[in-house]
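> build me a model:
(one chain, ligands or ions: 1)
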Amino acid sequence: MDYSKYLHCNACKESGLYCQKHRTEVESTLRKREIKKILQIRDSSSAQYNHAIKGLLESYDIWKMFS
Ligand SMILES: [Zn+2]
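Predicted coordinates for the structure are as follows:
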């Protein structure tokens, strides 16, 4: 992922992290990456799978908190 455009964005600089527009962009990229990772786990009854799903749900909660 190319983060350099965020470094050059003034709104991002001002907010100290990501501006509203870019945060949405970053979040959806991270979500996609996370989901892709989960889909690669073949055994859906494995602890690894459960752990990954739990992590994804928790991150949704966190994202909701900040939006
Ligand atoms: Zn920005």
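> quick check: residues of the chain near the ion?
Taking Cβ under 5 Å from the ion as the contact definition, the chain meets the ion at Cys9, Ala11, Cys12, Cys19, His22. Using the backbone N, CA and C atoms, a C-beta is placed for each residue, glycine as well.
> which of these are buried, as a ChimeraX select command?
Selecting only the buried entries of those in ChimeraX, with 16 or more other Cβ atoms under 10 Å as the criterion:
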select :12,19,22
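> hey, where'd the helices end up in this structure?
4-7, 10-15, 20-39, 47-66 (DSSP state H).
> ok, back up a step: and the residues of the chain next to the ion as JSON lines, adding pLDDT and distance to Ile62?
Rendered in JSON lines, the data for the residues of the chain next to the ion read as follows (pLDDT from 0 to 100; distance: Cβ to Cβ, whole Å):
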{"residue": "Cys9", "pLDDT": "94", "distance to Ile62": "22"}
{"residue": "Ala11", "pLDDT": "95", "distance to Ile62": "21"}
{"residue": "Cys12", "pLDDT": "93", "distance to Ile62": "19"}
{"residue": "Cys19", "pLDDT": "93", "distance to Ile62": "18"}
{"residue": "His22", "pLDDT": "93", "distance to Ile62": "17"}
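> what's the closest of the residues of the chain next to the ion to Arg31?
Comparing these against Arg31 with Cβ to Cβ places His22 closest, at 14.8 Å.
> verify the stated contact: the closest one with His8.
No - taking contacts as Cβ atoms under 8 Å, His22 lies outside contact range of His8: 10.9 Å.
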